[in-house]
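*Asks:* predicted model and sequence below, questions to follow.
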Amino acid sequence: MQPSTLARWRNYVRSAWIGKTLPAPEIVRHALSAGGAPQLEFIAFLDGDESTGTCVERDRSALESSLTRPALTWLQ
C-alpha cells in the first residue's frame, strides 16, 4: 500500500528537520524538486511588496525565481 501524500511529507519533515522549524524557502525548494513534486501541489503564490503593502498572484516560475531574492530587506 502506497503511503498518503501527507504521510510522505511528515516523514520528509521528520527525517530532514527533526526538532527544527522548516523555513519557507526549504519547503519551496522541496516542492520544486523531482522528489517533492509528487508530494506537494502548487496552488497559488502571492508575491508581496512590503514597500507598497500590495500583493499580486503570480505563477510557478515566479515562485521559483523568488528563491534568489535576499531574505532580509531594510524594511525588516
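*Replies:* Structure received.
*Asks:* now the strands for the protein?
*Replies:* Listed in chain order, the strands of the chain (DSSP state E) span 45-49, 54-58.
*Asks:* ok, residues contacting the last one?
*Replies:* If I follow you right, that is strand 54-58. Contact with strand 54-58 is made by 44, 45, 46, 47, 48, 49, as judged by CB atoms under 8 Å, 6 or more residues apart in numbering. All C-beta spots, glycine's among them, are computed from the backbone N, C-alpha and C.
*Asks:* avg pLDDT for it?
*Replies:* Mean pLDDT, strand 54-58: 92.
*Asks:* can you show me the helices along the protein?
*Replies:* 5-17, 24-32, 60-65 (DSSP state H).
*Asks:* quick revisit: may I see the strands of the chain arranged in a markdown table, with distance to residue 67 and mean neighbour count as well?
*Replies:* What follows is the strands of the chain, written out as a markdown table (distance: least, CB to CB, whole Å; neighbours: other CB atoms under 10 Å):
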| stretch | distance to residue 67 | mean neighbour count |
| --- | --- | --- |
| strand 45-49 | 12 | 12 |
| strand 54-58 | 13 | 11 |
